[in-house]
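Visitor: how would this look folded up:
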Amino acid sequence: MCIIAAGPGLSAAAAAAANATIAVSAISTAASIGMGIMSANVQAATAQANLNAQAQAQQVQLDAQREQSILNQQNQRQALLLQQQQGIDSYNLQVEQTNNALQNNWNQQRDQVELARQQQYERFQEESRIYHKDLLTADKQIDLNNQAANTAYIQEQTKLNEAKKKAAFENQTLIAKSIGAKGNILASGRTGQSIGVILGDVDRQIGFEKAMNQATLDSKRDASIIAMEGNWLRAQSENNKAKSSIGLIPELGYLPDVPDNPIYVTG
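Guide: Numbering: from 1, shown residues only. As a prediction, this is how the structure comes out:
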């Protein structure tokens, strides 16, 4: 601050007044400067506060954006995980359905094979039963046929033996008759060549009768042989009929195998 000194032309009062004016002016100026400085400080503080508020708002906005970005990433990750899990669940479901279908198909094939095996085995048992029944019936019939043929053979042999015995008896009768006839001729006293002729006639007559007996015996023997052969052929024919009534020997045949276990799809 500048102080005015009293000079020769200036009174002390004037100088004092001037100095007071200068002092007031200085004080006013100082006050004005102080107010300006305070206003500047306030403006600076306000500007700093505004800047701080803007920075804080920007930080809040950045933090919100960052949190939203993180949330979006988390949501995308969860969505991807959910989609992946859904894909895995869908695949596992398809695997399960496929394996169930394979199992059901195998069960059906196994049941069909077991049913076919059971039916074939039952059919084999029934055919075996019928075969053995027919075989037993045929054996009995063949035995009856053979017995009938043997009985007929024995009957024919008996007839033939009786015919032989009868022929032998008749031959003995003829011999006795011949002896008696020759005795009667010789006893009659005939002599000469005529006696030989008469005796020869007796022999020829006896021989003729013996030949007739032998022819009858031969005829009966031939008839017996024919009858025995006929009975044998008839028995063979009946035996063949009995054998033909027997079917083929039953065979179990090929039994279908039970299918192998299915190859399952792994999940």
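Visitor: packing partners of the helix or strand encompassing residue 81?
Guide: Secondary structure from DSSP states H and E places residue 81 in helix 12-187. Counting contacts by 3 or more Cβ pairs under 8 Å, 6 or more residues apart in numbering; DSSP states H and E, helix 12-187 packs against helix 193-244. C-beta coordinates here come from the backbone N, C-alpha and C atoms, glycine included.
Visitor: the helix it packs on relative to helix 12-187, how many degrees between them?
Guide: Put simply, helix 193-244 runs at 170 degrees to helix 12-187, going by axes from the mean of the first three to the mean of the last three Cα atoms, to 10 degrees.
Visitor: give me the mean pLDDT for helix 193-244.
Guide: What helix 193-244 shows for mean pLDDT is 83.
Visitor: that helix: how far from the chain's middle?
Guide: 74 Å (Cα atoms, centre = their mean, to the nearest Å).
Visitor: show me what that helix is packed up against.
Guide: In terms of contacts (3+ Cβ pairs under 8 Å, 6+ apart), helix 193-244 is packed against helix 12-187.
Visitor: pLDDT on the helix it packs on, on average?
Guide: Computed over helix 12-187, the average pLDDT equals 85.
Visitor: where does residue 257 land in three-state SS?
Guide: Recorded secondary structure, residue 257: coil (DSSP: H, G, I helix; E, B strand; the rest coil).
Visitor: burial count for it?
Guide: 8 (other Cβ atoms under 10 Å).
Visitor: kindly report the same for residue 235.
Guide: With other Cβ under 10 Å as criterion, residue 235 counts 20.
Visitor: cool, the one 5 residues further on as well?
Guide: Residue 240 sits with 12 neighbouring residues when counted by other Cβ under 10 Å.
Visitor: repeat that for residue 75.
Guide: So residue 75, with other Cβ under 10 Å, has 10 neighbours.
Visitor: residue numbering should commence at 33 henceforth.
Guide: Got it, first residue is 33 now, which makes that one residue 107.
Visitor: torsion angles phi and psi at residue 295?
Guide: phi -90, psi 110 (degrees, to the nearest 10).
Visitor: do the same with residue 290
Guide: Dihedral angles of residue 290 (phi, psi; degrees, to the nearest 10) stand at phi -70, psi 130.
Visitor: which residues touch it?
Guide: By Cβ atoms under 8 Å, 6 or more residues apart in numbering, residue 290 lies in contact with 142, 145-146.
Visitor: go through those residues and give me the one with the most neighbours.
Guide: Neighbour count (other Cβ under 10 Å) singles out residue 145 as the most crowded of those, with 15 neighbours.
Visitor: since that was my last question, I'll sign off now.
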